[in-house]
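Asks: A predicted structure for the sequence below; I have some questions about it.
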Amino acid sequence: MSERERQDYRIEMQDMQARKDHSPPRSPKVGGGVSAPSVNNPLFPILSYCGASILMTVTNKYVLSGTGFNLNFFLLCVQSIVCVIAIQTCKSMNLITYRDFNSDEARKWFPVSVLLIVMIYTSSKALQFLSIPVYTIFKNLTIILIAYGEVLWFGGSVTGMSLFSFGLMVLSSVVAAWADISAAITNYGHDASETAVALSTLNAGYLWMMLNCLSSAAYVLGMRKRIKLTNFKDFDTMYYNNLLSIPILFLSSIFMEDWSSINVNKNFPIEYRNSLLIAILLSGLSTVFISYTSAWCVRVTSSTTYSMVGALNKLPIALSGLIFFDAPVTLPSVTAIAIGFVSGMVYALAKIKQTMSKSTVLPTTNVPISASSQSMRDSFKS
């Protein structure tokens, strides 16, 4: 064998070893009887991600829609505790990995956790007063705030197609609000006092929704800045977010919420107490499911597919409110859901097109992703 041939042989063996060393990890086992091809089927992670999102929204709405429920800090505290216990259990079983607690990293991450508390509290209040379809539609407005926040602080850009999607988002929110107000007037029009109460409830929901959109954008943009100091990954972020939130939520519940026996019985009636507690536990676990299935979806499919699934996922979440709760099913409400769904699709396509136009390498190494998803991906990327 000549020197040239030996050199080519060594290069070929090194390439084979490199491919072996950098081969993608195996997907987690879903069950003893499930074969590897079934686990790698994109349908499973996509359905799992959608199911986890619906589960979290529906269980939260079930708890918050109880008669006079007002222990929101307690609800969020329990969810955080359940989440920490769940991921710690998974870590002890070697299913996931994340960093051990470090006080210096906790200090750097604490402002983000405070923003998270504001975001999830305002989210719980908005969901308490608004129906799931309206809540889901208005949540799209956060994308606009994040997109322009990235323009100001991260040198992002907004294309004409993105602007068109923003217009659809605003239009869907206006139609949804009009449908809600019209339904309230129609249902309670015979009684002026009941109509006033219904409209007051909706106005409170819109106010909390506005605060939630602002706090959500602040959380995402703040997290993107802070994550450069810590280089957190997916479960690192989840662990620190929930762990640092627990003492604040606990103290807020103790000092700001009514823990008299009368109010506790009002929030947890005897006949529904067990089902409410189970729903709270499930809502806490669903946050873990969403994080895991998000990573699974990206790993088995692609970031492009994941961004499109995120846009498509808004439709079943909105429909779950019509199926499981008494959200009014009218032409305006259905129209608002449809416009909101289309706006999400248009925005996802706009960002994919924008990223591909700027790409200088193959899409498999510089995958397209939406502006808002990119901010979240900085912390939810494995």
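Replies: That came through, no problem.

Asks: and stretch 251-268, end to end?
Replies: End-to-end distance for stretch 251-268: 20 Å, by Cα to Cα, to the nearest Å.

Asks: could I get the contacting residues of residue 81?
Replies: 242, 246, 284 (Cβ atoms under 8 Å, 6 or more residues apart in numbering). Backbone N, C-alpha and C define where each C-beta goes, glycine included.

Asks: now do it against residue 260, distance only.
Replies: From residue 81 across to residue 260, the span is 23 Å (Cβ to Cβ, to the nearest Å).

Asks: sec struct for residue 98, please.
Replies: coil (DSSP: H, G, I helix; E, B strand; the rest coil).

Asks: dump the contacts of residue 81 to JSON lines, plus secondary structure and distance to residue 344.
Replies: As requested, the contacts of residue 81 are exported to JSON lines (DSSP: H, G, I helix; E, B strand; the rest coil; distance: Cβ to Cβ, whole Å):
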{"residue": "242", "secondary structure": "helix", "distance to residue 344": "27"}
{"residue": "246", "secondary structure": "helix", "distance to residue 344": "33"}
{"residue": "284", "secondary structure": "helix", "distance to residue 344": "27"}
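
Asks: next, format those residues as TSV and append distance to residue 107.
Replies: As requested, the contacts of residue 81 are exported to TSV (distance: Cβ to Cβ, whole Å):
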residue	distance to residue 107
242	17
246	16
284	26
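
Asks: same question for the biggest helix by length in the chain, mean pLDDT?
Replies: Ranked by residue count and defined by DSSP state H, the top helix of the chain is helix 192-230. The pLDDT scores in helix 192-230 average 87.

Asks: what's the answer for stretch 287-295, then?
Replies: Throughout stretch 287-295, pLDDT has a mean value of 78.

Asks: dump that stretch to CSV, restricted to CA.
Replies: C-alpha atoms of stretch 287-295 as CSV (Å, rounded to 0.1, in the frame of the first residue of the first chain):
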residue,chain,number,x,y,z
THR,A,287,-45.0,21.8,32.7
VAL,A,288,-42.4,19.0,32.8
PHE,A,289,-44.2,17.2,30.0
ILE,A,290,-44.2,20.3,27.8
SER,A,291,-40.4,20.9,28.2
TYR,A,292,-39.6,17.2,27.6
THR,A,293,-41.9,16.8,24.6
SER,A,294,-40.6,20.1,23.1
ALA,A,295,-37.0,18.8,23.2
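
Asks: quick one on the thing from earlier: just checking, what packs against the longest helix of the chain?
Replies: Counting contacts by 3 or more Cβ pairs under 8 Å, 6 or more residues apart in numbering; DSSP states H and E, helix 192-230 packs against helix 103-129, helix 132-139, helix 141-153, helix 160-188, helix 234-256, helix 371-377.

Asks: just name the most buried of these.
Replies: Highest mean neighbour count of these: helix 132-139, a mean of 26 (counted as mean count of other Cβ atoms under 10 Å).
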